[in-house]
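Trainee: when you get a sec, could you give me coordinates for this:
(one chain, ligands or ions: 1)
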Amino acid sequence: MPKGEPFKIKMVEPIRLIPREEREAALKAAHYNPFFLRSSDVYIDLLTDSGTGAMSQFQWSAMMLGDESYAGASSYYKLKETVTDITGYEYVIPTHQGRGAEKSAFSQLIRPGMYVLSNMFFDTTRGHVQLAGGRPVDLLMDYPTDEFHPFKGNMDTAKLERFIAEHGAENIACIVMTVTNNSAGGQPVSMANIRETYQIAKKHGLLVLFDVARYAENCHFIRMREEGYADKAPIDIAREMFSYGDGLMMSAKKDALVNIGGLLAFRDEDLFTRVGAAVVPFEGFLTYGGLAGRDLEAMAVGLREALDPDYLAYRVGQVQYLGELLRSAGVPIQWPVGGHAVFIDAAKFLPHIPWDQFPGHALTLALYIEGGVRAVEVGSLMLGRDPETGENVRSPFEFTRLAIPRRVYTNQHMEDVAEAVINAYKRREEIRGVRFTKEPKVLRHFTAHFDLV
Ligand SMILES: Cc1ncc(COP(=O)(O)O)c(/C=N/[C@@H](Cc2ccccc2)C(=O)O)c1O
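Mentor: Have a look, this model is predicted:
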């Protein structure tokens, strides 16, 4: 097997590491929140793998065929055919990005006070359940962060059965299966777990919707780690996976390899009609959903490219490479490494920082100072406050996430990232926690202002 990437580079975008004193000034000016840094002040941007990937020559050339008709554009039908071929779902609606799909679906499927169950919600999905008056419930299998288990993103189906029995199916709006499981560390969900969850849902007459931002990576892990799938193509694994669901919401900015875009797709016309009623006022007509025709063209191509086995081996392999650099240096990370990011265990990295001074966030500040690397916290800061008590909710994990954009950085960049993390680790006792100086009500981590404790 060649070591190199399964592509060669045709266009480059200059990046540079600004001097340390400029990084310190930039971070202070950004209210100690990496979201407020200018990208030109960031050397290696691991804030998110969402919308930050590089498109292929096939996607760029497809964009020239974008049909910008308001309704019934040929670009829509190309996307629809691709989505139906991969998922088996006949009814397809584009949205501007994932949260457009979430708002449209949850506003129609949730009555205030209803529960929505998940293996684990990501924060915007959780936010939209709450905005629709729903009560999100995570039912993740419990695994130690530093022990190997092939599918740490799994739903705890025993907890699921108990919850349904205790609260009644009539009080549950739907089940959301997040694949891969971003908040649990980009960890995959096994086909057996997806199948079992679907069987339980059908026994109780419950809907199962997928949150499939990173579905291709999930198919790769099933192929690599689950008995009976080694010889199957990722697209065939995807087809089976989607057979255990009633529909999907997707941020196309991940595993559809585009810079903007989202998707809704359903097996059943009634669901399509109900959710479509919210798309028209919020996103646009059903055949464009807030996107240009050229975006639909790029998405149709990207959905297939993401399922290419050589691409998946390279993509997930690069994330593993960074994980191994850190693990071999003794840096505490979640193990095994997920599909789109390395999750540093900030609670272990910074045991002197209390959870409500947000160690995962404190470490993002140190990584930027050390090496111009921008990362994000996935922990108690992201989890926010309990809507009923107003208290900070303590996350089961305190992570600093290093999310790797698709087809953007080389392994030398990963070595630069590892050096920054290891340098921060060497001076970890000096790293201080943070406190709010401005705390927004919803999805606070994106726009909060902080000071060092
Ligand atoms: C599993 C899953 N479901 C839905 C969505 C919403 O999709 P969308 O509305 O963003 O298209 C997301 C978005 N995930 C971004 C969000 C983010 C977080 C921190 C920094 C920047 C961006 C990320 O994980 O990086 C997701 O992960």
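
Trainee: please report phi then psi for Phe35.
Mentor: phi -60, psi -20 (degrees, to the nearest 10).

Trainee: show me the contacts for the one residue in the stretch 1-150 of the chain that gets nearest to the ligand.
Mentor: Nearest to the ligand in the stretch 1-150 of the chain, going by C-beta to the nearest ligand atom, is Gly98, at a distance of 2.4 Å. Heads up, the C-betas are built off the backbone N, CA and C, glycines and all. In this structure, Gly98 makes contact with Thr124, Thr125, Asp211, Ala213, Met249, Met250, Ser251, Ala252, Lys253, Gly262, judged by C-beta atoms under 8 Å, 6 or more residues apart in numbering.

Trainee: among these, who's most crowded?
Mentor: Top of the contacts of Gly98 by neighbour number is Ala252, holding 32 neighbours under the definition other C-beta atoms under 10 Å.

Trainee: what values do phi and psi take at the residue nearest to that one when sequence neighbours are not counted?
Mentor: Counting by C-beta to C-beta, 6 or more residues apart in numbering, Ala252 lies nearest to Gly261, which is 3.5 Å off, once chain neighbours are set aside. When quoted as degrees, to the nearest 10, the phi and psi of Gly261 stand at phi 150, psi 150.

Trainee: show me what from the stretch 101-250 of the chain comes close to the ligand.
Mentor: Proximity of the stretch 101-250 of the chain to the ligand, by C-beta under 6 Å from any ligand atom, involves residues Phe122, Thr124, Thr125, Thr178, Asn182, Asp211, Ala213.

Trainee: recalculate using a threshold of 8 Å.
Mentor: Contacts of the stretch 101-250 of the chain with the ligand, taken as C-beta under 8 Å from any ligand atom, map to 101-102, 122-125, 178, 180-183, 211, 213-214, 249-250.

Trainee: which one in these is the model shakiest on?
Mentor: Minimum pLDDT across these is recorded for Asp123, with 85.

Trainee: what helix or strand is the residue lying closest to it once chain neighbours are set aside on?
Mentor: Excluding the flanking residues, the one nearest Asp123 by C-beta to C-beta, 6+ apart is Met382, at 5.0 Å. Met382 is located in helix 380-383, with elements delineated by DSSP states H and E.

Trainee: in JSON lines, list the contacts of Gly98 along with secondary structure.
Mentor: Compiled in JSON lines, the contacts of Gly98 are given as follows (DSSP: H, G, I helix; E, B strand; the rest coil):
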{"residue": "Thr124", "secondary structure": "helix"}
{"residue": "Thr125", "secondary structure": "helix"}
{"residue": "Asp211", "secondary structure": "strand"}
{"residue": "Ala213", "secondary structure": "coil"}
{"residue": "Met249", "secondary structure": "strand"}
{"residue": "Met250", "secondary structure": "strand"}
{"residue": "Ser251", "secondary structure": "strand"}
{"residue": "Ala252", "secondary structure": "coil"}
{"residue": "Lys253", "secondary structure": "coil"}
{"residue": "Gly262", "secondary structure": "strand"}
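
Trainee: how many neighbours does the residue lying closest to Asn411 once chain neighbours are set aside have?
Mentor: Excluding the flanking residues, the one nearest Asn411 by C-beta to C-beta, 6+ apart is Tyr321, at 5.8 Å. Other residues near Tyr321 come to 16 when the count uses other C-beta under 10 Å.

Trainee: from what I see, Tyr321 and His413 are in contact.
Mentor: No: counting by C-beta atoms under 8 Å, Tyr321 does not reach His413; the two are 10.7 Å apart.

Trainee: so where's the longest strand in this structure?
Mentor: strand 172-178 (DSSP state E).

Trainee: could you point out which element follows that one?
Mentor: helix 191-203.

Trainee: show residues contacting that following helix.
Mentor: 119, 151, 154-155, 157, 160-161, 164, 175, 177, 179, 207-208, 222, 226, 229, 237, 240-241, 244-245.

Trainee: what about 7 Å?
Mentor: 151, 154-155, 157, 160-161, 175, 177, 208, 222, 226, 229, 240-241, 244-245 (C-beta atoms under 7 Å, 6 or more residues apart in numbering).

Trainee: quick check, nearest of those to the ligand?
Mentor: Out of the contacts of helix 191-203, the member with the shortest distance to the ligand (by C-beta to the nearest ligand atom) is Met177, at 10.6 Å.

Trainee: ok, that closest one to Asn119 distance?
Mentor: 6 Å (C-beta to C-beta, to the nearest Å).

Trainee: where do the contact lists of these two overlap?
Mentor: Any residue near both Met177 and Asn119 by C-beta under 7 Å, 6+ apart counts here, and that gives Met155, Val189.

Trainee: about what we covered before: next, count neighbours for the residue nearest to Ala252.
Mentor: Around Gly261 there are 30 residues (other C-beta under 10 Å).

Trainee: show me the contacts for it.
Mentor: Gly261 neighbours (C-beta under 7 Å, 6+ apart): Pro94, Gln97, Ala252, Lys253, Leu291, Asp295, Met299.

Trainee: quick one: contacts for the third one?
Mentor: Which is Ala252. Val258, Gly261, Gly262, Leu263, Met299.

Trainee: could you check how far Asp451 is from Lys441?
Mentor: For Asp451 relative to Lys441 (C-beta to C-beta), the value is 20 Å.

Trainee: could you check which residue of the stretch 251-400 of the chain lies nearest the ligand?
Mentor: Ser251 (3.1 Å).

Trainee: can you name every helix or strand that the helix or strand containing Tyr311 contacts?
Mentor: Using DSSP H and E, Tyr311 sits within helix 309-328. Applying 3 or more C-beta pairs under 7 Å, 6 or more residues apart in numbering; DSSP states H and E, one finds that helix 309-328 contacts helix 215-225, strand 341-345, helix 411-426.

Trainee: elements contacting the second one?
Mentor: Right, the one you point to is strand 341-345. helix 309-328, strand 399-403.

Trainee: for the helix or strand following that strand, which positions count as buried?
Mentor: Next in sequence after strand 341-345, counting helices and strands by DSSP H and E, comes helix 346-349. For helix 346-349, burial by neighbour count (16 or more other C-beta atoms under 10 Å) applies to Ala346, Ala347, Phe349.
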